[in-house]
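**Q** Would you be able to build a 3D model of this:
(one chain, ligands or ions: 1)
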Amino acid sequence: MATHPPNPLDPDSGGTGHGEAPRSERLSNWTRHGVILPALVLLLCLGVTRQLWQDARDSARQELQTRFDFRVRESNRRIEQRMLTYEQVLRGVAGLFAASSQVTRQEFHRYASTLRLKENYPGIQALGFSAQVPASEIARFVDAMRAEGFPDYQAWPAGSREWYGPVQYIEPFEGRNLRAFGFDMLTDPVRRAAMEQARDTGKAAVSGKVTLVQETDRDMQIGFLMYMPIYRDGASPDSADARRDSLSGWVYAAFRMTDLMNELQGDRPVELDVEVYDGNQMSDQSRMFDTLQESRAAVFSNPLTSIQRLEIAGHSWIVVNAALPGFAASADTGKAELILRGGISIALLLALLTWLLLDDRTRALRASEQAMRLALYDVLTGLPNRKLMMERLGQSIAAARRERGRVALMFIDLDRFKPVNDNYGHAIGDLLLKEVASRLQHSMRESDTAARLGGDEFVLLLPRAESNQGVAVVAHKVLQELNRPFLIAGHEFHISASIGVAFFPDDAVDEKILIRYADDAMYQAKHSGRGTIHFYRHPGKQA
Ligand SMILES: Nc1nc2c(ncn2[C@@H]2O[C@H](COP(=O)(O)OP(=O)(O)OP(=O)(O)O)[C@@H](O)[C@H]2O)c(=O)[nH]1
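**A** Numbers count the residues shown, from 1 in each chain. Prediction:
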């Protein structure tokens, strides 16, 4: 059965036949690559960009974390060192008491003034001394204080107890500090715990969170105290019992927490939110300080948060540091962003470049494909032209020689075609020629070749013409097809064809002679009245 050979002028059809490498397939591969390859380049570049961006971002984060850790260490160390300094101050005062059997108010005042507390030790609200007075001596103690020029002095709060610890000296002796004068600190369990700890250990002890009696309604702050025990006669007893027996009182420093922390912070920009908790619990009750005084939830959802325990003169504080938005904003994310932007741009650029190169390549292939078609195919009908027909004829004859086969060549010249052109115009003639080509293709096998030699001359090459009878069948079929009326642009045309057939090797020894004989046979057909088939007959041979 006849099949539709591919139209060689259609770039998407199957090529030139005869099983040669399908150029249009290669072309369509290129076209496919035209999308896939740029997409791959884009994906690859984006992948690399993503990796580099992530690395840069990670290292920026790492750097931020390192900077945060450093700032936290620095901030905590500042607190510890400042508290150590205060401990030294108290040790100095304790030295004063050790050096003198009786430190007078005047001496204490002079010592404290020399320290210049406000300038050198900001954060200390008061420096003082509380005597430890047994119940038996409290009345005499108060009298002596009153005799010193403080007629209203009393150990307050009132009430009788075994031991009293009233404030005897307090410096600077002015302002809100005067409110603490005479206050018996042993009556407050928080202060008492630190006082007893200092007494028993012989070391400085910090109290828990308190409200200093110095506080007024204005600028209320949380406070704490640091105590250093003073033993009689400058002794340094080495057991808790001996220390209790020889305790004469405590020198102490009172601190207002916000003043202290603000002073530590200095003029530095506030980049960390610092929270200080008394003891081992982090609760609203134990909170002594908060830079921002904001809800803690915000702090704990912050990835840059540090929680550390500081030991301050025998007492625990929990210090929480959290980076404020300004701190994280200072992170060097510029590099990561640059990589991201640059990477995406380069990826797009490379993908575009790849696409353009492939497109160029595809165009070049298309152009050469087109040129090849023009060289080998008839532009009007799309059938192989004379050149390609000659090539195939050569191949067919070579094959027939090898395989002892037969080749038939059929020359087909249209009859009465000229009047179509003359009466209806060249364009109609063209349409008719195309229809002729189409009918020829319907009449042959796939292995056959229909070609247009030019004008109204066509050729059918049958490379495997085993029997004359088979070829005659084909010739009749062609004739029958061309005898059918042609309906072109609303006009009906009746043409026919004269067909001449010659065989290799029966009639001719090579392709040139074969062509000539087929042409001769065609003329014979023309002369014998058109619309007929003539098989070449050698002039010497009998019919
Ligand atoms: N439309 C069109 N006409 C063509 C083309 N090439 C050649 N022709 C015309 O085809 C005609 C061929 O001439 P002939 O073969 O002598 O005309 P014919 O009427 O078929 O004569 P017979 O073969 O003797 O029957 C001429 O008029 C050419 O001008 C073409 O590509 N398109």
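
**Q** doesn't residue 230 make contact with residue 101?
**A** No - when contacts are counted by Cβ atoms under 8 Å, residue 101 is not listed as touching residue 230 (11.9 Å). The way it works is simple: take the backbone N, C-alpha and C, and place the C-beta from them, glycine included.

**Q** Can you give me the pLDDT of the spatially most central residue of the chain?
**A** Nearest to the geometric centre of the chain sits residue 50, at 4.6 Å (Cα atoms, centre = their mean). Looking at residue 50, its pLDDT reads 95.

**Q** check contacts around it.
**A** Residues counted as contacts of residue 50 (Cβ atoms under 8 Å, 6 or more residues apart in numbering) are residue 343.

**Q** change it to 10 Å
**A** 339, 340, 343, 344, 347 (Cβ atoms under 10 Å, 6 or more residues apart in numbering).

**Q** Tell me how many other residues crowd the closest residue to the second one other than its chain neighbours.
**A** Excluding its sequence neighbours, the residue lying closest to residue 340 (Cβ to Cβ, 6 or more residues apart in numbering) is residue 53, at 4.6 Å. Neighbouring residues of residue 53 were enumerated by other Cβ atoms under 10 Å; the total is 21.

**Q** was I right about residue 53 contacting residue 45?
**A** No - applying Cβ atoms under 10 Å, one finds residue 53 not in contact with residue 45, separated by 12.0 Å.

**Q** Common neighbours of those two, please.
**A** 343, 344.

**Q** roughly how far is the longest helix belonging to the chain from the heart of the chain?
**A** Among the segments of the chain that qualify as a helix by DSSP state H, the longest is helix 23-99. Relative to the chain's own centre, helix 23-99 is displaced by 16 Å; criterion: Cα atoms, centre = their mean, to the nearest Å.

**Q** Pull the contacting residues for residue 510.
**A** By Cβ under 10 Å, 6+ apart, the contact list for residue 510 reads 393, 394, 397, 401, 504.

**Q** how close does it sit to residue 457?
**A** 21 Å (Cβ to Cβ, to the nearest Å).

**Q** burial count for the closest residue to the ligand within the chain?
**A** Going by Cβ to the nearest ligand atom, the ligand is nearest to residue 429 of the chain, at 2.5 Å. Residues near residue 429, counting by other Cβ under 10 Å, number 22.

**Q** hang on, it packs against residue 488?
**A** Yes - with contact defined as Cβ under 10 Å, residue 429 counts as touching residue 488 (9.0 Å).

**Q** returning to what we had before: list the ones among the contacts of residue 510 that fall in strands.
**A** residue 504 (DSSP state E).

**Q** Please tell me I have it right and residue 266 contacts residue 82.
**A** No - if you go by Cβ under 10 Å, residue 266 and residue 82 don't touch, sitting 11.3 Å apart.

**Q** which of these two has more neighbours?
**A** With neighbours defined as other Cβ under 10 Å, residue 266 and residue 82 compare such that residue 82 has more, 18 against 7.

**Q** so what pLDDT did the residue lying closest to that one once chain neighbours are set aside get?
**A** Nearest residue to residue 82, sequence neighbours excluded (Cβ to Cβ, 6+ apart): residue 264, at 5.9 Å. Note on residue 264: pLDDT of 87.

**Q** Give the burial count for the spatially closest residue to residue 494 that is not a sequence neighbour, as a bare number.
**A** Distances taken as Cβ to Cβ, 6+ apart put residue 485 closest to residue 494, at 5.4 Å, once the chain neighbours are dropped. Number of residues near residue 485 (other Cβ under 10 Å) recorded here: 10.

**Q** got the residues of the stretch 101-250 of the chain near the ligand?
**A** Neighbours of the ligand within the stretch 101-250 of the chain, by Cβ under 6 Å from any ligand atom: none found.

**Q** ranges for the strands of the stretch 101-250 of the chain?
**A** For the stretch 101-250 of the chain, the strands defined by DSSP state E, counting those that start in this stretch occupy 124-131, 133-134, 163-164, 167-171, 205-206, 223-231, 247-256.

**Q** Just give me how far the helix or strand containing residue 514 sits from the chain centre.
**A** Element membership for residue 514, per DSSP states H and E: helix 511-527. On the basis of Cα atoms, centre = their mean, helix 511-527 sits 77 Å off its chain's mean C-alpha point.

**Q** likewise stretch 100-110?
**A** 71 Å.

**Q** and if you look at stretch 408-420?
**A** 72 Å.

**Q** which stretches of the stretch 301-450 of the chain have low pLDDT?
**A** Counting by pLDDT under 70, the ranges of the stretch 301-450 of the chain that qualify are 301, 330-333.

**Q** ok, which stretches of it are strands?
**A** Ranges of strands in the stretch 301-450 of the chain, per DSSP E, counting those that start in this stretch, are 305-312, 315-323, 407-415, 449-454.
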